[in-house]
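# Fold the following.
(3 chains)
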Amino acid sequence: MPELPEVETVARGLDKRVAGDVIDSVWLGEKPEPLKSPANEIVAVLERSRIARVRRVGKHIVVDLERMPRNGKGKAHPHGQWIIHLGMTGRVQVAQPKDELLKHTHAVLKLKSGRELRFVDPRRFGRLAVVRLDAKMPAGFAAPGDEPLLADAGRFIELFRKRKTPIKSALLNQGLLSGVGNIYADESLFRAGIRPRRRASTLTRDDLCRLHAALKEVLNEAIALGGSSVSDYVDADGREGFFQLQHRVYGREGEPCLVCETPIKRIVIAGRSSHYCPHCQR
DNA sequence: ACTATTTCCTGGATGC
DNA sequence: TGCATCCAGGAAATAG
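So this is what the prediction gives:
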């Protein structure tokens, strides 16, 4: 499932492949479409726009769009953004028109280069939206929380120290940090030696410092390996990531802890399965 | 202002 | 083999 490292991988892959291309036309699937903006608004912002850049913000893919001046001369100017949230099973494909249309394809963008960008999402948890860059929204889309890789230890402590909720829930709260999901929350808590049910406010500054370091470490390692391919995640080129091979607790219920051989436990916190080592994590 | 719970959605796994 | 049921989970909505 796409969390920060997977979305980063997809965004980098898309940027490499489609930056500079122009969106000629847009097809959106039948209702109910997984949209956040009205369909006509999405079409209006995307069509005839040039893709300046594709990047990640939190768990969102942000496609920065430009328009040429009406007379076609002069410099392109920032115009809007296409925001993609992959949800659980969302994928963005770069395809050729002759390529078979996958079931659950909800959007197809025809590009000037002849290729197509396709949004496919069987489970429909993904969302598409557009932002117009204007006086009301000059800076465009912003995630509600801090970027985990940019927040320093002081900021990290400030975000969590007063929360009475379990630290696992706090890590998943996108309003605090944007981009951490179930896998990387569990993996960072294991590396920091902290039980997922511990109330955030009971953690010492040292605990939070260790967690901050562990989270950055695990996210960076995962990005380096192209993310985790569990469920059906693949990147923009259809390649799987390899970080699932590095998982120490996620999905390992009953298997021996890699440090002390105690069986890994699975509990449910806020409706999410949470994996930890009862011996190594306190 | 927080926190906890429910809901959305479908494919794959499981059980009888 | 076939059908029913359960489960996965990000985030919005709802309830407390």
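# Looks to me like A:Gln244 is in a strand.
No: applying DSSP: H, G, I helix; E, B strand; the rest coil, one finds A:Gln244 to be helix, outside a strand.
# Now stretch A:49-60 - C-alpha only, PDB.
Coordinates of each C-alpha in stretch A:49-60 appear next as PDB, following Å, rounded to 0.1, in the frame of the first residue of the first chain:
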ATOM      1  CA  SER A  49      -1.600  22.000 -19.700                       C
ATOM      2  CA  ARG A  50       2.100  21.200 -19.800                       C
ATOM      3  CA  ILE A  51       3.400  18.900 -17.100                       C
ATOM      4  CA  ALA A  52       6.200  21.000 -15.500                       C
ATOM      5  CA  ARG A  53       7.100  18.500 -12.700                       C
ATOM      6  CA  VAL A  54       5.800  15.600 -10.700                       C
ATOM      7  CA  ARG A  55       6.600  15.400  -7.000                       C
ATOM      8  CA  ARG A  56       5.400  14.000  -3.700                       C
ATOM      9  CA  VAL A  57       3.700  15.900  -0.900                       C
ATOM     10  CA  GLY A  58       2.800  13.700   2.100                       C
ATOM     11  CA  LYS A  59       1.100  10.700   0.500                       C
ATOM     12  CA  HIS A  60      -0.100  12.800  -2.500                       C
END
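# Next one, pLDDT for A:Glu158 please.
According to the model's per-residue confidence, A:Glu158 sits at a pLDDT of 94.
# now A:Gly226
At A:Gly226, the predicted lDDT confidence score is 81.
# Around DNA strand B, pick out the residues from chain A.
Residues of chain A found near DNA strand B, taking C-beta under 7 Å from any atom of the strand as the criterion, are A:32, A:88, A:103-104, A:122-125, A:163-166, A:169, A:270-271. Placement of C-beta: from N, CA and C, glycine included.
# ok, now how distant is the residue of chain A positioned farthest from its centre from A:Arg115?
Relative to the centre of chain A, and counting by C-alpha atoms, centre = their mean, the farthest-placed residue is A:Asn71 at 37.7 Å. Taking C-beta to C-beta, to the nearest Å as the criterion, A:Asn71 is separated from A:Arg115 by 27 Å.
# quick one: the nearest residue to A:Lys36 once chain neighbours are set aside from DNA strand B, how far?
The spatially closest residue to A:Lys36, leaving aside those adjacent along the chain, is A:Ala129, at 3.7 Å (C-beta to C-beta, 6 or more residues apart in numbering). Note on A:Ala129: its distance to DNA strand B, by C-beta to the nearest atom of the strand, to the nearest Å, is 16 Å.
# Restricting to C-alpha, output the strand or helix carrying A:Ala129 in CSV.
For A:Ala129, the enclosing helix or strand under DSSP states H and E is strand A:127-132. Extracted as CSV, the C-alpha positions of strand A:127-132 are listed here (Å, rounded to 0.1, in the frame of the first residue of the first chain):
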residue,chain,number,x,y,z
ARG,A,127,-8.8,10.3,-5.1
LEU,A,128,-8.2,12.8,-7.9
ALA,A,129,-8.4,16.5,-7.5
VAL,A,130,-7.2,19.7,-9.2
VAL,A,131,-6.1,23.0,-7.8
ARG,A,132,-6.2,26.3,-9.7
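# which other helices and strands contact that strand?
Using 3 or more C-beta pairs under 8 Å, 6 or more residues apart in numbering; DSSP states H and E as the contact criterion, the secondary-structure elements in contact with strand A:127-132 are helix A:39-46, strand A:77-85.
# State the pair within the residues of chain A next to DNA strand B that is farthest apart.
Checked with C-beta to C-beta, those reach their widest spread between A:Lys103 and A:Lys164, with 44.0 Å between them.
# In contact with the residue nearest to A:Pro34 when sequence neighbours are not counted, which residues are there?
Counting by C-beta to C-beta, 6+ apart, the nearest residue to A:Pro34 once its immediate chain neighbours are dropped is A:Arg124, at 4.8 Å. By C-beta atoms under 8 Å, 6 or more residues apart in numbering, A:Arg124 lies in contact with A:Pro32, A:Pro34, A:Gly87, A:His104, A:His106.
# where does A:Arg124 land in three-state SS?
coil.
# you'd agree A:Ala135 is in a strand?
No: secondary structure of A:Ala135 (three-state DSSP): coil, not part of a strand.
# Who wins on neighbours among the residues of chain A next to DNA strand B?
For those, counting by other C-beta atoms under 10 Å, the largest number of neighbours falls to A:Ser169: 20 neighbours.
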